[in-house]
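sequence? don't have it. structure:
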């Protein structure tokens, strides 16, 4: 299998895990004492575990000096999803950071 | 995994909203080891954990007849993966300890050097070829992550 498949899967599920956790723990979404049993926290745990397994699958198939920097794309994707799904405010400077990270990931991506 | 570190980051974003937070590096609490040492320990442990994972997975590529410390490669790999994940978890604990003491916008640029550290380890330990283009990409990602951290405090307040 192409190493990019589990790598992209790991980044995507890792970002979804963060969004689920944030959604599950955010104020007003659940009662405070029950926050940790919110179903979204369960979604976080499952995405997180799957992302870890996919990461190991990717790491087995390619160089760590290639795969590890690509995980940085998770910051960019999490920011996009936070804006899109959670309607968080994202400042201009943070969008610039997202662009810079994405450019770096593309550079590492083509270096293989 | 970076994902673990991100979850720690998310938790600290929460902490940053709390009123008694120390906001600037100058206000770092003085007791215990210097917070920079804690971050460096977390980065070193995180990178070591990742490299242990890679080393363990490389064992699976060995010929099936070979033994690693009397163990079949599959068992040695499983043990190595457990060790790597444990070392990574300890690194994450150091990270959580340090963000409890200084602002994340001060610490993140320090932690972003984990990309360079892991790539250096891949090159020196496993003989991976890291071309100039890849080093450049790693530097750009590091700069981007550092820039994102600079915006963290502003967004939290």
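Happy to help now that I have it. These numbers were taken from a predicted model, which means no experiment stands behind them. Numbering: from 1, shown residues only, chains lettered A, B, ... in the order given.

quick one: contacts for the residue nearest to residue A:24 when sequence neighbours are not counted?
Leaving aside its sequence neighbours, residue A:24 sits nearest to residue A:40 (Cβ to Cβ, 6 or more residues apart in numbering or on different chains; 2.9 Å). Glycine gets a C-beta too; all of them are placed from N, C-alpha and C. For residue A:40, the contacting residues are A:20, A:21, A:23, A:24, A:25, A:29, by Cβ atoms under 8 Å, 6 or more residues apart in numbering or on different chains.

what about 6 Å?
When contacts are counted by Cβ atoms under 6 Å, 6 or more residues apart in numbering or on different chains, residue A:40 touches A:20, A:23, A:24.

where does the residue positioned nearest the centre of chain A sit, in terms of helix or strand?
The centre of chain A sits closest to residue A:15, judged by Cα atoms, centre = their mean, with a distance of 2.1 Å. If you go by DSSP states H and E, residue A:15 is part of helix A:4-25.

which is the next helix or strand following that helix?
Following helix A:4-25 toward the C-terminus (DSSP H and E): helix A:39-61.

for that following helix, buried residues please.
Buried residues in helix A:39-61, counting neighbours by 16 or more other Cβ atoms under 10 Å in any protein chain shown, are found at A:40-41, A:43-44, A:47-48, A:50-52, A:54-61.

quick one, it and helix A:4-25 angle?
160 degrees (axes from the mean of the first three to the mean of the last three Cα atoms, to 10 degrees).

the helix or strand following helix A:39-61 and chain B, are they touching?
Downstream of helix A:39-61, the first helix or strand assigned by DSSP H and E is helix A:64-70. Yes: residues of helix A:64-70 contacting chain B under Cβ under 6 Å from any Cβ of the partner chain: A:64, A:65, A:68, A:69.

appreciated, that's everything.
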